Structure formats: structure tokens, C-alpha cells
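*Asks:* Build me a model:
(3 chains, ligands or ions: 2)
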Amino acid sequence: MEPPHIARITQNPFHVLGLRPGCSRAELERAGQTLLDMLAVDMRDAREYMTPLGPRARTAELVRHAMAELREPTRRVVHELWASRDQAAAAPRQPRTSPLSDDDAERDGWHGGFRALGWRTP
Amino acid sequence: MIEAVLLLLCVLGCVVLTVAPLPSPEFMDPKSPRARSMRVSERRWAYTLLTISSFLFLTLYAYSRGADWRAVGYLAVMMVVSIALIHPWLLVRGLLIPLGQVELAYRLSRLGGHPWLRDPTGGAVLSGALALVRRGQHHQGLASWLEGHLDDGPLRGAGVAAAGLLAASRGDVADARVLLESVEALDPELCPQAAWKIAIDWRVADAASRGAWREVLQLGRTGLKTSRTTRLVTLAAARMTGEWAEDAALVRAWLLAPRRLGNLSLLRLALRQAAPSVSETRETGDAALDRLAVVAPLAALDAAVAANDGHTPCADVVGLQVETLAALERREPDEQAALVARLALAWDRALRSNFLLEHLSGRVLEVRASHAAEELRDQLESDVAADLACALQHHRVPLSRLSALLHERERPSPVLARAIDRVTGDLLAEIDETAQALSERQHRLAEQHKRLSLVDPDGAGNFHSIELWRAWLAVRDVYEDVARVGGEQVRRLAFPTLEKQLGRLALWVWQVHDERGFADAIFLWLLREAEALGNTASADTYRHNLAVSF
Amino acid sequence: MTDALYVGIDLGTTNSAAAVFDGDRVESVRNSQGTALTPSLVRVDGSGRVTIGHRARRFLALDPTSVRGEFKRLMGTREQLDFPAAGLHRRPEELAAELLRSLRHDIETQIGVAPRCAVISVPALFELPQVAATREAATLAGFEVVELIQEPVASALASGWRADDSSGHWMVYDLGGGTFDVSLLETQGGFLNVVAHGGDNFLGGRDLDWAIVDWVLARMEAEHGVTLSREEPGDAPAIRRLKSAVEDVKIELSAAADASLLLPGFLPSGHLELTVTRADLERLCAPLIDRTVEICQRLLAEHRLRPADIERLVLVGGPTAMPLLRERVAARLGVPLQRELDPMTAVAHGAALYAASAGLDARPRAANDARGPAAKLWLRHPAVSADLKPHVVGKVTGAAQQGKGVPETIRLRRKDGRWESAWTDLNHEAGFIIGVELEPRRPNVFEVLARDPDGAPVPVQPDQLTIVQGMSLSDPPLSRRIGVALASDKVQVYFDRGEPLPARRTFRHHTVETVAAGSDDCLLKIPIVQGEFERAHLCRLVGTLEIRGRELKGTVPAGAPVELTLELDRGGNLSARALLPDIDQVFEEIAHLLVPEASHASLTASFSATERRLQAMRTRAFRGRLGEVIEQLDALVDTYKAVERDIAAAAGGDADAGLKARRTLLELDAQLERLEGQVEWPELKEEARWKLAWSSHWLEKYGNDHENRLFEEAAAGADRAEREQDAVELERQISMAYDLGFNAFLRDPEAWPALFENAAAEADRAHDLPRAHALVDEGRAAVRAGDRRKLERVVRKLWTLLPAEARQRQRAFQSGLR
Ligand SMILES: Nc1ncnc2c1ncn2[C@@H]1O[C@H](COP(=O)(O)OP(=O)(O)OP(=O)(O)O)[C@@H](O)[C@H]1O
Ligand SMILES: [Mg+2]
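*Replies:* Ligands and ions are numbered 1, 2, ... in the order given. Got it, this is the predicted structure:
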């Protein structure tokens, strides 16, 4: 689950639907409808979309929500601002790793330490 | 004759030990559990002394009467048995725990004695828990049974450690960590050293198997006398973190510690570690900001905006935001603060630019939107502030670093100021709600207690102090985290709310349930916090409460 | 021609109707009486036999206790309707099911097959439990698949279906028997978009009837000296008779200039006869009509539209047949009316059209026909499309035989032969996307052709598909906001109004309390609420997710994350899923709730509570001389009177009035809450002023530099909070400043004696009375001796003995999340 500040970028309706910010209403409806149908027949091409922060999974709910957002003119104008120029250009496709909580973590742990020290490994 | 005098002296000493008055009643209520346990422990030492001196006396006496070694042998056996009865720990530790005899270990330890003098009930449960973790598999029935016995007496160090071990045995590592760590929050007077050592041992094992060697170092160097195993692991950790430890020292520690075979892998791991390279120096926050070159990208952005290269006016800032969000994932807090500050400054410019407003006015007309361009810009601004706040919260970036950065550079950023306000508000709300929930829980328990005590005035039980202990630890942790993130100001504002609820909780567990250890732990923590904040009136109150409760 | 059939049903409070759409034309379904409207009445006679509609209506006068109507209003409540003659109780759902069953039978008579699925309309403002009840009724009636659509959206579809391609905003005004719905819609290039809903769940034709009944009762009393009261359960049969007669008069007046009300033997002295003119009716109805207009205007204002922006107004529902209503609404709102639509059947027609959009073919599923081996296709496409060039998506899911007969390329050909696609190769997943071209405003049938790698034709199943070109509405919007109540009494909105269904949303929350694994008395509650209020406790609780310590795998400390996902399907069925990532455990069991009953006792109790609150507010407002607040309080009095009347009517047997009273009470509470904020603010400011003054006084005397600096910070913070009207923050800053002041005050020689006196006065409330009294004596001695240190010690000890004030704020449904 993505926190809202990430979702604002990754769930931008234009990214979800794979549309340019300048697209027309008819294009929007057609793209949305087609994606929903593709998801319904479980086509692999539809299951992922590209965002500036890397690929994300596309779901029917996301598509529906994106369509509703873009139908409302005011919200659409705001989303246009957030849809950055070219998708996926800004960031490399990086695997999302969790932030390192302490710098020891990269070193080796003592596997089996619990058992060796007389505790049951939880 | 001399033997008789010796014996007499011993008996006299024991009598003196047992009847000696306690410290002034002004500071110790003679009926208090602490006073009671002090008496018990004094008595027990007296018995031990008596047993040993009687043995010595009888041996000497027998020798003087020309008895053979067999009589001495009988005497020795008798002495060992009586000492085992006075201090059952010897038997429990040597036999019952390794055999995993949970029930027996518990029952025998209930007889009291060393090392659980400061917490006899908890100590017995801890013995049982140790036996439980020695069994090959977790046994829920036994665990529940042991846990039930925790409520037999007030909660103290050994009890808390026992609960932690039970959680570990259950496989709930997070809970085990919290509980075993919390042993330190208790007044040392109420925490048997052995319990403390056991807690440290487990935590060291946990940290070592996670590879958190720095944590091991910290644990191993808390100052008190640690176990041999812990000393070995600490030395290994020193090696692993790049601080050096001689091979010889390591091998010696390994030889000294028990379970040499099992620890061999650790020894190997540590010995493999090469000599430390030159340690990297860490950047300060300011250097980080410079290195990130705040000014350069901003100038580039300005140029892009001026050139109006046909894109939406925010494209560049959004690009920067994307870059920042990706970068935040793998940076240190200092750098994170700098990154967010840079982003905020960029947004400030974008939001104030005429280009944005013109663009919005145009679009609003085109799509027949119901809002004016200015409103949309304001909305964008608040969205941006919300996102920044969310990013700050998500990475728990300390606010103090941000304000320091902006202060130094004398560059006020309205967007960032809004974001900081939001985070502050959220943090304070977090404290408010947590404190509120705690007080409601206390209230609920109090009601329940009242109802139960009407039905059954003696056994108004059903008060599981360990659960409440967990609750308070969680609240404390929430506060400490909030204080770390929010900095001095938030801490100062948040403390009074928490203080009120925690103070009430402490008074209640102390006066209604006689849980002095619990209450003291809270008072101690409150005292430290009040002192740190320079809140003298509060600090006086807690100092007083701590004094009275003993 | 296509042979798919789509069925829509308008399940109304007073009248129900059904319609069938064959892809080309929509037709109303006639019942056995030959009319399109079936009264929503159910009769259960002495032997338990059930009759519906017109036939039940005939017994309304003869045997009123065996006939029940208006059960739609009670859907989703625990209310039981009894039929004394048969000695039976029936839930509202069961009665609705009887009605639906009869409609289903009528449809079967008309189209020849019993419909398998249908779309049923519900008022836009129905709450989740009511929606669920409607679904249940449909299942009971034998429908396998049902979808629900909001009535105004259905009317909009009906009226937009054949409209020209105009783009712009328009409104649907649906005044029914008991509900008023208004919707704001927008069309653009054939796409219908529902912008917003408004309305009043408790306003309709029956309110007009009651207004006339009250007027008749008043005249009866004046002219004949006969008193009948709606509050008297004993008078209920007579009132019911009168109301039914009044309704007939009202309907008659839609066509005639005057009508007479004649009730033989109604008065002790004989007949009741009255002439009612249109002028009378207008006078009585005007206030109600004006209320509907106000709701419309509010909706427009919320969306920043002027009446001039609205192209047309579609009127739907029985009362809109009244000429005076049509005129008044058009004149006051200033929007032209659209005329050609039949206001009584529009909803059913729209529902049938929606069934087509949703692809709900009512015919029984065709048995797999044995046309020889064929490759199986999985086809997806819009059933109704506004787009003239939609896409058809498909996938080959199974070949007839291995190797041979595997399609490689696909082509679609329109049946009229005027268009065909190119041969399209299947992609690596054996799927294809083909854009097709539609003939406007009619059903378009396409043949599916396939060829194998050798170019030989391959039979496929299905081998044809139909797309209707016309107004399309893909997703019904949610009409009421749904969220989760948080511990702070705020609501985390999951789905806002207008959210397209189905929808799913996940948010991350945090627990506020530790829940220990295995403990029985620990519970994490996640209340799900519905409603537009900011404060959670004012919203309707529609379900709770409860996580018990007993079920947990590990202890969940306060502050632990909880990822909550709410999901709503098309018909508004709610499901929830809470994931506790720390222990990796999922909880899904949700306790659904009914619409709370409006029992008389609970109503009067909350009514008097509100009354007390109103009084207290008034006193406070007077004390604070807050003229504005007093005025607003006065404005609430009318609402308050209306509630009183409704409660009385509920006591007289009108369950609907009870529900209405409950709703209005809730609104009243919300208003009071808002006003309370207005009153509290000046009080808080006053408190801030004196506390700051007090503290600064003592700090000046005894404070050190550090303290003074902190005080200044706090004072500045308080200032800012006051400017920003942030009550919580102001309170926090003041308490901070006050603590500093108190700190300084303790250094005053007189402080401890004063504190001692205060504590001594409270000593009777201590836990340990003897000890407290001993301490008080000790303290007195210390005061006499002037021993300050000793006194201080005594006071501190006394403090620890005094009970902490046990103040428990009722939280929002005891939510355990933040
Ligand atoms: N010609 C008419 N003139 C005036 N009022 C009428 C006329 N016909 C019906 N009504 C009134 O309209 C109301 C019923 O309207 P309608 O059938 O639209 O409601 P409904 O659809 O059953 O109710 P709802 O939509 O609230 O569920 C009744 O109050 C009836 O008295
Ligand atoms: Mg209707």
C-alpha cells in the first residue's frame, strides 16, 4: 500500500490510463473502457503501467477511479499539473527496497545465533 | 570452646540481621512490599549463614571428637540439601531448566531464595519460562499456565522478563523485544540482577542473529556485570563493527563462555573479519545541503520556466519531486531533510510564478471548470504541503533539522512552513489520542475492578498488570518517537497531556493494585522527562512520589 | 435483430413499474389490469393468501388492516408489519419481495420467459442497510442477478436516451410518494455523467396529503366540532380513510379546477363533504414545493452553477403531474422543463436501459448449443456505447481440438455488411483488441470470424456480439460518503459522493491502544460510517470490524499500523479487510448493522436530551451576550416543533414519521454542535486571557529567564492559535503557559498554605479516608508552626490520595484507530 504522497504521483489518472494530459473526453472513455475489458479477460499487457516511480500494478478500481477523476473538469486540470512530462523518465526502474534502518543490517548476521546461545529460534 | 563461641557469634549475627530495624518509616512504609521482601531476604541470608556456620561448627566438633570422614560426608550432604531448600535456584538452574521441566522449575522456585529475592513470584515464572524455552517446542498450555501465575504478585523485573521470554517462545519476537527491553525501565531495587542478565542475554542473541552488531555492543557495555556469553558476543561484535578486538581476547572469551561448540561459528565469523579500513566520515546536514547544490537546480528550474518550453508549468518541479521521493528512500535523515527543503523551495517558486496562474486561467476557461484559477493554485499549494508533510511523516524526518536548515539560510518557505505545521499538528494529535485511549482503558479497568470487588471483595483479581505494562510501554514509545521527530517544541507541548494520563495511571496502579514497581517505572520516566524539559514543579512531584513509594 | 432483453424495475413507495428494453425500444410492462403502474400494496387475507397491486387496493376501504403499503420506507429496519387477520408478521423485505414476484410474473407474461436478472431502482439517498434489504427482496423474489441503480440516474438515462447530442448540464427532479431526489447531470458527446445528488428522504406526495388532512381536520373541528387526532392510535383507521380520500382529491385536482371530498358516515352527524379548489391546494402545498426548490438551488450553488447554466429540467414522479407544481418549480427555479417524458414510468425505463449498459441479459442462460466443435472465445465490450468507435477485447480460451482448429487471426463483420475489420492476428496471449465502428442510435450486431494458420475458417463460440449505440453510463456513482470513524471523532473518507462503483480503497491507520494477543478484554473496533457530517458520531454507523485479542497471533502495540481496505460493489454491498502488517494477519469479518429502530422511547429520550441541550445553549448564549447565536437558536425552534409533531404521529402508528423524527433530531444535533463551537470559542478566549494574565503575574515575580522565554513562546503560540481559530492548539498553549505560571506561583510563600486549603477541602473524596484526615491534621499543625517544607510534603501526599477525575469522553463509536 502506498502512502498518499507517493500515490499522488503513481496513481495519477493519466499514468493509470496511459493517456497524455491533452487527451479528449472521448479518448478518455475509450481508453478506460478498453483497459477495463482487457483486465476482465486478464490480458498481461494491461496488468502493469508505468509511472515516474517505476511500474505499478493496474487494477479495475484504479482505472474506474481515474476515469471519474478526469471526468470532473476541475480535478482534471489539477491532475494535468501532476502528470509529469514523460512517464518513467525521471527515475530509473529501481527495485523498491525498504530504507536501511541501521547500517549494520548490510553486514552478516550470525545465523543460528539464537540456537547456539541456548535459545529456541523464534 | 572456640567453636562454641563462633557458633554463638553466628547465631547472634543472624538474630541481629533478622530483627534489625528498617530505614526510617518516613521513607519506607513498614508494610510496603519492599520492606517485606527486605525482611524475607534478610531472614534467608540469616538461615544460609546459620546453615554454613553450623556445618563448620559440627565438622570441627566431629574432628575434635575424632570422627571419620564419613560423618563429615553426611554432614556435607545435609548442608547441601538444606542450602538447596533455602536457595532452590541451584537445583533449578542446574537440572530442571536444562531438562525443560516447566512445572517443577516453577514450583521449586516458588520456595524463594537467591536470585529472586527482589521478585519471588516473577522469578518463579521466569524459571518456568526458561525451562519452557529449553523445550524443543512451544507449549501453549504451559505458557498460559505460567502467564496466569504472573498475576500472583506485583509486577517486577523477573516477571517482565518472564513475559518477554514467553512471548519469544510463542514466536512473537516484537513483543519479546519490547518486554525484555523494558526490564531496564524498572527500578533496579525491584529487578533481580539475574532477570536483567537473562534479558540482556536474549537481546544480545536477538541482535547478533539479526546482524545488528552495534546494538550488541551497546548492550554489552551497559556497565553492569554481564554473563560470559554476552561478553564473548560483545567482543565479536566489536570485531564485526570494525572496532578492534585482539584474536587472543576473543579466543579467551570463547574458552571462558559455555557452549563452546555452538559458539565456534561465531568465533570463526569474528576471526574472519579483516582489520578496519579507514572509517568513513559522516557529513553534517549543512554539508549535505551544499552537496545537493540547492541553488543549481533552482536556477535551472527558473530557466525552464522562463523558456516556457511548452510543458505544463509544474513539469519540472514535479520531476524534481519524483526524483526526491525516489532519493528519500535511501538517504540519511540529514540528507532527507535537505532534500525536502530543496523541493519545498522549488515549489515556492513554481507556485508564485505567473506562468502557473496564466496556464490555469487558460485551462479553466477551456474545460469550463467551476473553480477560479487562484483557487486551483491554492489547492495545489495545499496538496503540495500535504505531500511534503506526508513524506516527512513517512520517513520520520526530524523537524528540527528542517527548521535549522531554513533558519541558517534565511530563506522562509511558505510551503514548508505549512507542511511543518501539519506534521506538528499530526504528532500532537497522535499523542492526544494515544493518551486518551490509555486513560479510557484505565477507566474501563477501574470500573471492572469495582464491579468485581463488589462480588468478591478479596479476589478482586482479573487485573493483568503485564497487559497494562505493555500498554504503557507502547504509549511511552509513541511519545519518544514523536519527541524525536517533532523536536523540542513538540515535546514540550506533548508532555503535559501525557503526563496527566500517565500520572493518573501510576497513582492508580500503585494505590489500588499495590503495583509499586510499575508506578515507580512511570514516575521515574516522568521525572527524567520533566527534568529534561526543565519542568521543575512536575519534577518535584515525581521525586516526591518516588520517595514516598519506598 | 438481437434477441437480448433487458429488464428494469421501479420499486416505488406508492407505485411500482417495470420496463423491458430490446436494444431498440423500451416498453412498459402491463400488469393483469392492463396498466403500467402497479400500486405498491400487499394484502394478506385471513387465510394467508397474498394479493398485490390494484386487487389489494380494492380492499383498502373494506378491510384496511389487511393491506399494507409504504413498506419501502421501512426497508432495512427491524420493523415488522403485522397482518392481524392472518395472524402473520412480515418484514418489509418480504413484502417487497411479494411485489417484485408479481412484477416478475407480469414480465414473464409479456416477454415469454421469466427474467433471470434485472435492474431495480432505489432512491439516491438510500443508506447501505436499505440497499442491502432491497437486494435481499430481489433474491427472495427469484431474481438470480440484480443490480441497483439510483432512481434519478435512471430517469436521466430515460430522458437522455433519445435526446440529441447536446452537451451541458441538466437536472432531474424526482418527487415521489415519500422521497424527493434531485440530480445534477452532465452530458458530453453522448456520455452521461452524474455530477451530484441532493434531496430529502422524507419529503414527497404523502407530505402534501398530510398537509391537506391537517387542513380538513381543522375545518372539521371548526365546522362540526369533531376532533380527530393523528396522535391517537384509536383514530388511526379513520385518519387512514381520510388520507386515502384526500389523495384521490389531490389527484383529481391535477386535471380539474375543483374537486369534492365525500366521505359517507365519516362524522357522527353523517357525511363529510367538502369542496377543495386548486387555490386551496396551492396554498397548502406551496411551502413544501418551495422546500424542494430550495434543495435544488442549494445543489446548484454547491456546484457553482446558475439556473441559466442548466439546459433543462426533467420532472419525474406522481406529484409532478400537478400543474401548479410544474409552474411553480419552473418559475422559481428559472429552468425550462422537458415535457415529452412520462413522469410515472421514466424510472423503470431508465432502469431497463441501464440493464443494457451493464450487460444484464434477462433471458435464461442459453444451454451450450451443440453446433459442433468450436474454439471458445472470451469477449469483452461495452454493451451500450456512446463512443462510435469502441474496442472489442477478446481472448481465445480453448481450442476445439489440439493442433487443428486453433484460430490465428480474427475479424469482426457488422451484420448489415457495411463495415468489417481487418484480419487481426492474435497476440502472444492469444488475445486481440479490435476497434469497431457503430451505426448511431441502434443495436449493432457483429459476426466473429476466425481463421487458423492455414487460412481455413475456424468456428468460434460465441460467434456474434451486439453493441447498442446510445447514451452510456458505465458506473453508478455512490450517493453518500462512506468512511471510517477515528478515535478523534473525525472521519477518514474512503469513498466520497460520486465515487464510481465498484470501488476499493485502502488507507493506513494506526491503533491507539495496545491489544494483547490472547486477551479477552482487549478489542480493536473499526467503525464504518456513512454520512456527510464531519464528526463521526453524527454519521450513521453501518458496520463494525472487530478484532479481538483472542484471535491475534501477536500483540499489537499502540501506534501499530493497520491497513484497512473497504470495498463496495456495484449494488453498494460493503466488505472490509484489515491487515495488521506487523503480525501479518488479516481480519475480514464485518458486523453489518440495520438502520436503528426509531422506538418511541428512544425517540422521546433523545428528544428531551436535545431539548435540554438547546436550553443550556440558550442560557450560555445569553450569558455571553451572543446575539447571533441566539438568533440561530431561535431559527431551530421550527424544526424542533416539527420533530415533536412527528414523534406524536409515530406514537399514533406512523412508523415513517418516527424515522423522519430521528433523522431530523440528528440534524438538529449537528446544528447544535456547530453552535456550541461558536459559544465555546469566546469562552475559551476569555479563559486564555485570564490564565495568561495570572501566569505572567507570577512569572514576573518569581520566574527565571528560561521560564520567561518559554512563557513568551507559549503566549505567542496562543496568539497565533487565536488568530487561526484553532481551539485545540489554543488550549494546549494556554495550559503550557499556565503550568509555567503555576511553577512560579509555588515559589510564593503563601502558595503552599493556599494549596493545602484546597486539598483539605477535597479530602473527603480520598481513597484512604483515615490517612487523608490524618494528613489534614498534620498539615494544620504545620501551618500553625509555619513549617513550609513539612506542609509541602503533606500537600503532595494528599494529592496522591485524591482521585483522578474520571472523565471519559464518549468517543466515536469507540473507534480504536487514528
Ligand atoms: N396525477 C397526479 N397528481 C398529483 N399527485 C399524484 C398524481 N398521481 C400520483 N400522485 C401522487 O404521487 C405520489 C406517488 O408518486 P410516485 O408513484 O412517483 O411515487 P413512488 O415512485 O412510488 O415513490 P418513491 O419514488 O418515493 O419511491 C403519491 O403521493 C400520489 O398521491
Ligand atoms: Mg419513484
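*Asks:* Tell me if the helix or strand of chain A with the lowest mean pLDDT is near chain B.
*Replies:* Every helix and strand of chain A was ranked by mean pLDDT, DSSP states H and E. The lowest is helix A:113-116, at a mean of 78. Yes - judged by Cβ under 8 Å from any Cβ of the partner chain, helix A:113-116 and chain B are in contact via A:Gly113, A:Phe114, A:Arg115, A:Ala116. For every residue, glycine as well, the C-beta is placed using N, CA and C.
*Asks:* who touches that helix?
*Replies:* The contact list for helix A:113-116 (Cβ atoms under 8 Å, 6 or more residues apart in numbering or on different chains) reads A:110, A:120-122, B:205-206, B:208-209, B:259, B:262-263, B:265-266.
*Asks:* Not counting residues beside it along the chain, what's closest to residue 18?
*Replies:* Picked chain A for this. A:Tyr49 (6.1 Å; Cβ to Cβ, 6 or more residues apart in numbering or on different chains).
*Asks:* my bad, chain C
*Replies:* That would be C:Val29: by Cβ to Cβ, 6+ apart, it lies 4.1 Å from C:Ala18.
*Asks:* Hmm, C:Asp106 and that neighbour touching each other?
*Replies:* Yes - if you go by Cβ atoms under 8 Å, C:Val29 and C:Asp106 touch, sitting 5.3 Å apart.
*Asks:* does the longest helix seen in chain B come close to chain C?
*Replies:* The longest helix of chain B (DSSP state H) is helix B:465-511. Yes - part of helix B:465-511 sits near chain C under the criterion Cβ under 8 Å from any Cβ, namely B:466-467, B:470-471, B:473-475, B:477-478, B:481, B:489, B:492-493, B:496-497, B:503-504, B:507-508, B:511.
*Asks:* mind checking how far that helix is from the chain centre?
*Replies:* Computed by Cα atoms, centre = their mean, to the nearest Å, the chain-centroid distance of helix B:465-511 equals 13 Å.
*Asks:* interface residues of chain A facing chain C?
*Replies:* So chain A meets chain C at A:1, A:3, A:25-26, A:29-30, A:32-34, A:36-38, A:40-45, A:59-61, A:64-65, A:67-68, A:71-72 (Cβ under 8 Å from any Cβ).
*Asks:* Of the contacts of helix A:113-116, which is the nearest to ligand 1?
*Replies:* Closest to ligand 1 out of the contacts of helix A:113-116 is A:Pro122 (60.5 Å), distances taken as Cβ to the nearest ligand atom.
*Asks:* re earlier: filter the residues of helix B:465-511 next to chain C down to the buried ones and hand me the PyMOL line.
*Replies:* To isolate the buried subset of those in PyMOL, counting by 16 or more other Cβ atoms under 10 Å in any protein chain shown, use the following:
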select buried, chain B and resi 466+467+470+471+473+474+475+477+478+492+493+496+497+503+504+507+508+511
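*Asks:* just the residues of helix B:465-511 next to chain C that are near ligand 2?
*Replies:* Among the residues of helix B:465-511 next to chain C, no residue sits close to ligand 2 (Cβ under 5 Å from the ion).
*Asks:* Backbone dihedrals for the nearest residue to B:Val367 once chain neighbours are set aside, please?
*Replies:* Spatial nearest neighbour of B:Val367, excluding adjacent residues (Cβ to Cβ, 6+ apart): A:Pro73 at 3.9 Å. When read as degrees, to the nearest 10, the backbone of A:Pro73 gives phi -60, psi -40.
*Asks:* mind listing which of the residues of chain A next to chain C are in strands?
*Replies:* Residues of the residues of chain A next to chain C located in strands (DSSP state E): none.
*Asks:* Please indicate which of these are buried?
*Replies:* Here, 16+ other Cβ under 10 Å leaves A:3, A:25-26, A:29-30, A:32-34, A:36-38, A:41, A:43, A:60-61, A:64-65, A:67-68, A:71-72 buried among the residues of chain A next to chain C.
*Asks:* so how many other residues sit close to the nearest residue to A:His15 once chain neighbours are set aside?
*Replies:* With Cβ to Cβ, 6+ apart as the criterion, A:His15 has its nearest non-adjacent residue at 4.8 Å, and that residue is A:Thr51. Residues lying near A:Thr51 (other Cβ atoms under 10 Å in any protein chain shown) number 21.
*Asks:* isn't B:Leu58 right up against B:Met78?
*Replies:* No - using Cβ under 8 Å, B:Leu58 is not in contact with B:Met78; the gap is 9.1 Å.
*Asks:* Looking at those two now, which is surrounded by more residues?
*Replies:* Comparing B:Leu58 with B:Met78 by neighbour count (other Cβ under 10 Å), the higher total belongs to B:Leu58, at 19 against 14.
*Asks:* How about the more buried one, nearest residue that isn't a chain neighbour?
*Replies:* Counting by Cβ to Cβ, 6+ apart, the residue nearest B:Leu58 is B:Leu75, at 5.5 Å.
*Asks:* Distance check, the residue nearest to C:Ala18 against C:Glu340.
*Replies:* Counting by Cβ to Cβ, to the nearest Å, the gap from C:Val29 to C:Glu340 is 20 Å.
*Asks:* The closest residue to C:Glu79 other than its chain neighbours - how many residues pack around it?
*Replies:* In space, and not counting its chain neighbours, C:Glu79 is closest to C:Ala655: 5.7 Å by Cβ to Cβ, 6+ apart. C:Ala655: 19 surrounding residues under other Cβ under 10 Å.
*Asks:* just checking, C:Ala655 touches C:Leu74?
*Replies:* Yes - if you go by Cβ under 8 Å, C:Ala655 and C:Leu74 touch, sitting 6.0 Å apart.
*Asks:* which residues touch A:Val41?
*Replies:* A:Val41 touches C:Trp378, C:Leu379, C:Arg380, C:Val393, C:Gly394, C:Lys395, C:Gly431, counting by Cβ under 8 Å, 6+ apart.
*Asks:* Flag every buried residue along stretch C:607-622.
*Replies:* C:Phe607, C:Thr610, C:Arg613, C:Leu614, C:Met617, C:Arg618, C:Arg620, C:Ala621.
*Asks:* So the fifth one is in contact with C:Leu675, correct?
*Replies:* Going back to what we said before, that points to C:Met617. Yes - C:Met617 is within contact range of C:Leu675, at 6.2 Å (criterion: Cβ under 8 Å).
*Asks:* if I look at those two, which residues touch both of them?
*Replies:* By Cβ under 8 Å, 6+ apart, the residues touching both C:Met617 and C:Leu675 are C:Val629, C:Leu633.
*Asks:* Low-confidence bits of chain A, can you list those?
*Replies:* Per-residue confidence of chain A (counting by pLDDT under 70) places the weak regions at A:84-108, A:122.
*Asks:* So what does B:His138 have for phi and psi?
*Replies:* phi -70, psi 140.
*Asks:* so what's the nearest residue to it once chain neighbours are set aside up against?
*Replies:* Using Cβ to Cβ, 6+ apart and skipping the chain neighbours, the partner closest in space to B:His138 is B:Ser169 (5.0 Å). Counting by Cβ under 8 Å, 6+ apart, B:Ser169 touches A:Arg120, A:Pro122, B:Ala129, B:Leu132, B:Val133, B:His138, B:Ala143.
*Asks:* do the helix or strand the fourth one falls within and chain C meet?
*Replies:* I take that to be B:Leu132. If you go by DSSP states H and E, B:Leu132 is part of helix B:120-134. No - legend: contact between helix B:120-134 and chain C by Cβ under 8 Å from any Cβ is lacking; minimum distance shown is 15.5 Å.
*Asks:* rewinding a little: the residue nearest to B:Val367: neighbour count?
*Replies:* 18.
*Asks:* With C:Asn758 instead?
*Replies:* C:Asn758, neighbours per other Cβ under 10 Å, totals 11.
*Asks:* Kindly report the same for the one 10 residues further on.
*Replies:* C:Asp768 has 12 neighbours, counted by other Cβ under 10 Å.
*Asks:* do the same with the one 3 residues further on
*Replies:* By other Cβ under 10 Å, 14 other residues sit near C:Arg771.
*Asks:* That one: what's its closest spatial neighbour, skipping adjacent residues?
*Replies:* C:Leu801 (6.5 Å).
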